[in-house]
Every structure is written in structure tokens, then in C-alpha cells.
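Novice: need the 3D shape of this:
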Amino acid sequence: MATEQIHYKLYKPYGIISQTHSNDERQARKKRFLKELYDFPEGIMPIGRLDEKSEGLLLMTTDGKLSDTINRSGMEKEYYALVDGDISEEAIDKIQQGISIGLDGGKYKTKSCTAKKIDTPNLPERKKKIRDARHGPTSWVSITLTEGKFHQVRKMTSAVGFPTLRLVRVRIGEITLDGMQPGEVRHIEI
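Specialist: Residues are numbered from 1 along each chain as shown. As a prediction, the model looks like this:
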């Protein structure tokens, strides 16, 4: 008899690591983990990751095969990035065509993707302050990838001269944040 798998989507807040806990005592004392958001069942795992300084949609499952399939399938993942400066069409074109970024001590050319400048999205305020307009202009860009390398979006915007100040994943495939608040967890069917 097959065990019923459990799936969640959550809005991972800034400052939380994309794992339920750590076996490293020192890290466990100094860092924040997903277990403080919800009493997840045994065997739950994140599908992909968001770094500690990124926020937004994170999927959790007890189904290892599903996790592997989503991570390797080339499923679209959409991010909203607040960047330092008024991002140019030239920079957006470079991002879309694929750009060389540092990865594992070498260079990696990202796959082509979709990118566009967007109006300020309706997102919850972040508790940790982001620099304000007194320090120069900022702009928002939507970037949709089918891959997910280490700090990829941050490296891409930086490579074209517009470092990321805030990064929020808003969509994985057809699953979206759907008005969720940071720290909110919802049970879903996949």
C-alpha cells in the first residue's frame, strides 16, 4: 500500500534557511530554520532552495521523487528582483540572452530566460530595512528561469551592473504565492 504524500507551499521570510533544522549545533544556535514556521511532519523536505537573504515561494514535500522531478524538469521559476539603479533595456536584453556568471570557481553561461522591468509589485513589507531612495533610484525586474544555480538571479543582475537588493520567488510552474504573507504555510495537492 502506497503512503500518501504530503505537500505544502510557504512564503519563506527573509532570514530563514531553507531547511527544517541543522545537525550542526553552532549553526542551530545562530540561524533560523523552517521548523519555526510550522510543525512539519517527519520526512518533509524543501523542493529546491532559497538562500537566507531571499524570500518567497518554497514548496515542501515528503515525496522525494516529486522533488527530484521538479528540480530537474526545467520547470519555470519566476522571481521579482528589486535592483540598485534604474535597470536599462540593454541590461534586460543581456539577462534574457544568457550571461556569464561565476559558479563553482569557474564561469557558467546562464540559459536564455524571460526578463522584463515591472512596476513595484504588491508584496508584503520586509522586516529588515532595504536602503531607500535617498541612496539613488531602484527598479523592479521579473526574471523567469528554467534552471536554478547558486545565487543565480543575484549574480545575473550584478553582472549587468544592477545588484539585487531584494529577491522574491513568486511562482514555481503554476503554483504562486497567491497573496500569502511571510511565514504563512498552506497544505496543497500536487
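Novice: contacts, neighbours, all on C-alpha from now
Specialist: Will do.
Novice: any weak-confidence spans in this structure?
Specialist: The model of the chain has pLDDT under 70 over residues 1-2, 131-134.
Novice: okay, buried residues for stretch 138-149 please.
Specialist: 138-148 (16 or more other C-alpha atoms under 10 Å).
Novice: would you mind putting the residues you listed into CSV with secondary structure alongside?
Specialist: Below are the buried residues of stretch 138-149 laid out as CSV (DSSP: H, G, I helix; E, B strand; the rest coil):
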residue, secondary structure
Thr138, strand
Ser139, strand
Trp140, strand
Val141, strand
Ser142, strand
Ile143, strand
Thr144, strand
Leu145, strand
Thr146, coil
Glu147, coil
Gly148, coil
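Novice: what's the closest of those to Glu25?
Specialist: Nearest to Glu25, judged by C-alpha to C-alpha, of the buried residues of stretch 138-149 is Gly148 at 28.7 Å.
Novice: any idea how far the closest one is from Ile95?
Specialist: Computed as C-alpha to C-alpha, to the nearest Å, the Gly148 to Ile95 distance reads 14 Å.
Novice: was I right to think Ser67 contacts Ile44?
Specialist: No. Ser67 is beyond contact range of Ile44, at 10.5 Å (criterion: C-alpha atoms under 8 Å).
Novice: give the residues shared as contacts by the two.
Specialist: By C-alpha atoms under 8 Å, 6 or more residues apart in numbering, Ser67 and Ile44 have these common neighbours: Thr61.
Novice: need the three-state assignment for Gly179.
Specialist: Quick answer, by three-state DSSP: Gly179 is coil.
Novice: can you give me the neighbour number for it?
Specialist: If you count neighbours by other C-alpha atoms under 10 Å, Gly179 ends up with 11.
Novice: rewinding a little: kindly indicate which of the buried residues of stretch 138-149 lies nearest Tyr14.
Specialist: The shortest approach to Tyr14 among those belongs to Trp140, at 17.6 Å (C-alpha to C-alpha).
Novice: once you drop chain neighbours, what's closest to that closest one?
Specialist: Leu82 (4.5 Å; C-alpha to C-alpha, 6 or more residues apart in numbering).
Novice: the helices in the protein, which residues?
Specialist: Remark: helices assigned in the chain by DSSP state H are 25-30, 64-72, 89-97, 152-159.
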